[in-house]
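S.K.: Got a predicted structure plus its sequence, pasted below:
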Amino acid sequence: MTMLPERAPGARKMGLVIDLDTCVGCHACAVNCKEWNTGGEAGILPDYDKYGANPDGVWFNRIHSYETESPERSRTVNFPRSCLHCENPQCVTVCPTGASFKRAEDGIVLINTDICIGCKLCSWACPYGAREFDEDAGVMRKCTLCIDRIYDETLPEAEREPACVATCPAKARHFGDLGDPDSAVSKLVEARGGVDLLEELGYRPTNKYLPPRQAQIPTAPQEAPARPAQGVGAALLRLLDKALSR
Amino acid sequence: MRPAASILLLTTLTGFAYGLLAWLGLDAAAGAAGAVRPLMLIGVGLALVLASAGLAASALHLGRRERAWRAFSQWRSSWLSREGVAAVLTYPVALAFAAAVYRAPAAPLTRLLGAAAALSGLGTVYCTAMIYGSLKPIRQWHNPHTAPDYLIFALFSGGTLFVLLHTLTLGTGALPAVLAALAAAAALLAKLAYWRHIDHQPPLATLASAIGLAHGTEVKPLDAPHFAENFVLREMGYQIARRHGEKLRRIALGLGFLLPLLLSLLAAAGRVPLVSSVLAVACAALGLLTERWLFFAQATHVSALYYGRSI
């Protein structure tokens, strides 16, 4: 059913909080996600041309690195990109079959790959580029928030979190209920001024990003090196310098 | 956006088909079916054949064709589902219309069914247009031009077929040719207005807002997540050189709209009506395929921002 579910008051909104200040851009989340989801309940995540010139495949996480610059500071920002489990997900409402759906009980956006016809319209409707097409199975794939880990009671409680969160060596990824204002993740978002991506598009993402903190030391962009002086005097000095440094 | 051949064929062929059905239906609704019964019957047949060809082409786009029937279920939220339902409903309406024309071309029921067939065909075109018109991340589609443009192009392309059928069955058709020329002129103006609109639109978002940084922060891509193209870049990051775009726009304009306009006027004047109406259909088909290719190729998607593309 691709009509969006009515969210019951107090219903959970499970999601991720990603800290752009501490993310080191190591791709461990992407790799552990790929590993878990290629073997987990979701089945194989395909790879094409694995050892060839154009290796490609389905990944639920993509890690970009950007250089940001403002007049007094410049820094690298590593940016993990995945499904944000939006509250207003157009990827769900455009689906003609009901394969793409949002769960009422925890807000997780999923694909039922057993009924997906592979029309790709949901991927067009997602401004975050979070959905990737499985060319082998002919269906769309996306992040499941590791639904087969977070509710698996046979796992030790500490491991009931998404693979990307479990593996992050910088603890830049946090998982929890963003619908509960008293949860650890909600408090973190509150304390650090967590933001929505592409707020202007109105998808109301559940996942939040914590902006990079301002460095206390100004790190102004490097100025271009001074050009060597021109003219006869400068040429003589260079000659002298060369002779003396022999 | 990547222009997939299956979708170009679907939207162009159904445009011709449902546009033709609209002309036939409206002609009958106006009470003219009696004089042109063979035209009506051949026309409805042709429209259904073209629509079926387009729908078959669209199935080629699916990853799992055998599940296509499931697409009829979510009409409450999905324009793609609505398009499927409308396309299927158009068959019985068009067939009932044809049967009514065959039995009693001038009966009030025939006129009513003509109007219903026209409405159902154009309704399907509207659903197709809204698949694109409703997608918020694509500014070249999510704007007030998309839906009216698809309807105008359907009436224009179907009009060229209507004139051709008129010429074939009655030898001439001055009034339809004049109307077709008007539709061609409307299509030409609509396309020019659309291009003007998308060329002056501001981007929907910036890279800074895409990664949650303060407005106005300068952001440059440093390292991409992967070094070969992935699905997102292939599907949503399609790029076309500006100069190629300009050239193709001129081809679409000349071939797709201007030539059919002149040829329709020629047919209206009674000069070589058969040759000019056949040529008008051929030019409209090639020109509209070019126009539809550009509609995709020149559409940009917000997700391409993450890869440093301009949108």
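M.R.: Everything's here; your move. Residues are numbered from 1 along each chain as shown, chains lettered A, B, ... in the order given.
S.K.: Let me know the pLDDT of the closest residue to chain A within the stretch 1-150 of chain B.
M.R.: Residue nearest to chain A within the stretch 1-150 of chain B: B:Gly63 (2.1 Å; CB to the nearest CB). Where C-beta positions appear, they are placed from N, C-alpha and C, glycine not excepted. Looking at B:Gly63, its pLDDT is 95.
S.K.: What separation do you get for it and A:Gly138?
M.R.: According to CB to CB, to the nearest Å, B:Gly63 stands 3 Å off from A:Gly138.
S.K.: So what pairs up with the most centrally placed residue in chain A in the strands?
M.R.: Centrality entry for chain A: nearest residue to the mean C-alpha point is A:Arg81, 2.0 Å, by CA atoms, centre = their mean. Assessed by DSSP bridges, A:Arg81 has beta-bridge partners A:Arg62.
S.K.: contacting residues for it?
M.R.: By CB atoms under 8 Å, 6 or more residues apart in numbering or on different chains, the contact set of A:Arg81 is A:Asn61, A:Arg62, A:Ile63, A:His64, A:Tyr128, A:Gly129, A:Ala130, B:Pro225, B:Tyr306.
S.K.: do B:Ser277 as well
M.R.: Listed by CB under 8 Å, 6+ apart, the contact partners of B:Ser277 are B:Thr160, B:Val163, B:Leu164, B:His166, B:Thr167, B:Ala177, B:Leu263, B:Ser264, B:Ala267.
S.K.: now the residues you listed in a markdown table, with distance to A:Glu87 and neighbour count?
M.R.: Shown next, in a markdown table, are those (distance: CB to CB, whole Å; neighbours: other CB atoms under 10 Å in any protein chain shown):
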| residue | distance to A:Glu87 | neighbour count |
| --- | --- | --- |
| B:Thr160 | 47 | 33 |
| B:Val163 | 51 | 33 |
| B:Leu164 | 52 | 27 |
| B:His166 | 54 | 25 |
| B:Thr167 | 57 | 22 |
| B:Ala177 | 54 | 29 |
| B:Leu263 | 53 | 29 |
| B:Ser264 | 51 | 29 |
| B:Ala267 | 56 | 31 |
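S.K.: Please identify which of those is nearest to chain A.
M.R.: Using CB to the nearest CB as the measure, the one of those that approaches chain A most closely is B:Thr160, at 30.0 Å.
S.K.: residue ranges with poor pLDDT in the chain?
M.R.: Going with chain A. Counting by pLDDT under 70, the low-confidence segments of chain A come to A:1, A:40-42, A:72, A:218-228.
S.K.: Could you rerun that using 50?
M.R.: For chain A, no stretch has pLDDT under 50.
S.K.: Then the stretch 201-311 of chain B?
M.R.: Across the stretch 201-311 of chain B, nothing is flagged by pLDDT under 50.
S.K.: all helices in it, in order from the N-terminus.
M.R.: Using DSSP state H, counting those that start in this stretch, the helices assigned to the stretch 201-311 of chain B run over residues B:207-210, B:231-236, B:242-251, B:259-268, B:273-297.
S.K.: Off-centre distance for the shortest one?
M.R.: The reference is to helix B:207-210. 33 Å (CA atoms, centre = their mean, to the nearest Å).
S.K.: for the closest residue to chain B within chain A, what are its contacts?
M.R.: Nearest residue of chain A to chain B (CB to the nearest CB) works out as A:Gly118 at 2.1 Å. The contact partners of A:Gly118, by CB under 8 Å, 6+ apart, come to A:Phe133, A:Gly138, A:Val139, A:Met140, B:Leu62, B:Gly63, B:Arg64.
S.K.: how about these in CSV, adding secondary structure, distance to B:Ser81 and neighbour count?
M.R.: Formatted as CSV, the contacts of A:Gly118 follow (DSSP: H, G, I helix; E, B strand; the rest coil; distance: CB to CB, whole Å; neighbours: other CB atoms under 10 Å in any protein chain shown):
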residue, secondary structure, distance to B:Ser81, neighbour count
A:Phe133, strand, 20, 22
A:Gly138, coil, 19, 17
A:Val139, strand, 17, 23
A:Met140, strand, 16, 27
B:Leu62, coil, 13, 19
B:Gly63, coil, 17, 18
B:Arg64, coil, 16, 19
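S.K.: and B:Thr146, which of the helices of the stretch 201-311 of chain B is closest to it?
M.R.: Among these, helix B:273-297 comes nearest to B:Thr146, with 8.7 Å by CB to CB.
S.K.: from the chain's centre, how far out does the closest one sit?
M.R.: 12 Å.
S.K.: now swap in stretch B:195-208 and tell me
M.R.: 23 Å.
S.K.: Next, the buried residues of it.
M.R.: For stretch B:195-208, burial by neighbour count (16 or more other CB atoms under 10 Å in any protein chain shown) applies to B:Trp195, B:Ile198, B:Leu204, B:Ala205, B:Thr206, B:Leu207, B:Ala208.
S.K.: ok, and of the residues you listed, which contact chain A?
M.R.: Intersecting the buried residues of stretch B:195-208 with the contacts of chain A gives B:Leu204, B:Ala205, B:Leu207, B:Ala208 (criterion: CB under 8 Å from any CB of the partner chain).
S.K.: list the contacts for the third one?
M.R.: B:Leu207 makes contacts with A:Tyr66, B:Val219, B:Pro221, B:Leu305, B:Tyr306, B:Gly308, as judged by CB under 8 Å, 6+ apart.
S.K.: Now do the strands in chain A.
M.R.: Along chain A, the segments classed as strands by DSSP state E run A:14-19, A:47-48, A:56-57, A:62-69, A:74-81, A:100-102, A:109-111, A:132-134, A:139-141, A:173-177, A:208-210.
S.K.: and of the ones you listed, who's closest to A:Glu87?
M.R.: Comparing these by CB to CB, strand A:100-102 comes nearest, at 8.4 Å.
S.K.: hang on, the earlier thing: now tabulate the ones next to chain A among the buried residues of stretch B:195-208 in TSV and tack on distance to B:Ala104.
M.R.: Shown next, in TSV, are those (distance: CB to CB, whole Å):
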residue	distance to B:Ala104
B:Leu204	54
B:Ala205	58
B:Leu207	64
B:Ala208	67
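S.K.: still on that earlier bit, looking at the contacts of A:Arg81, spot the one nearest A:Ala229.
M.R.: For the contacts of A:Arg81, the nearest to A:Ala229 is A:His64 (42.0 Å; CB to CB).
S.K.: what about that closest one, neighbour count?
M.R.: 22 (other CB atoms under 10 Å in any protein chain shown).
S.K.: Likewise for A:Pro211?
M.R.: For A:Pro211, using other CB under 10 Å, the count is 18.
S.K.: Next: B:Val302.
M.R.: A count of nearby residues for B:Val302, using other CB under 10 Å, gives 25.
S.K.: can the host helix or strand of B:Ala116 be found next to chain A?
M.R.: Per DSSP states H and E, B:Ala116 falls inside helix B:108-133. Yes. Contact of helix B:108-133 with chain A (CB under 8 Å from any CB) involves B:Ile131.
S.K.: Among the buried residues of stretch B:195-208, which one sits closest to A:His27?
M.R.: For those, the nearest to A:His27 is B:Leu207 (20.3 Å; CB to CB).
S.K.: Closest to A:Pro71 out of the contacts of B:Ser277?
M.R.: Distances from A:Pro71 to the contacts of B:Ser277, taken by CB to CB, are shortest for B:Thr160, at 59.1 Å.
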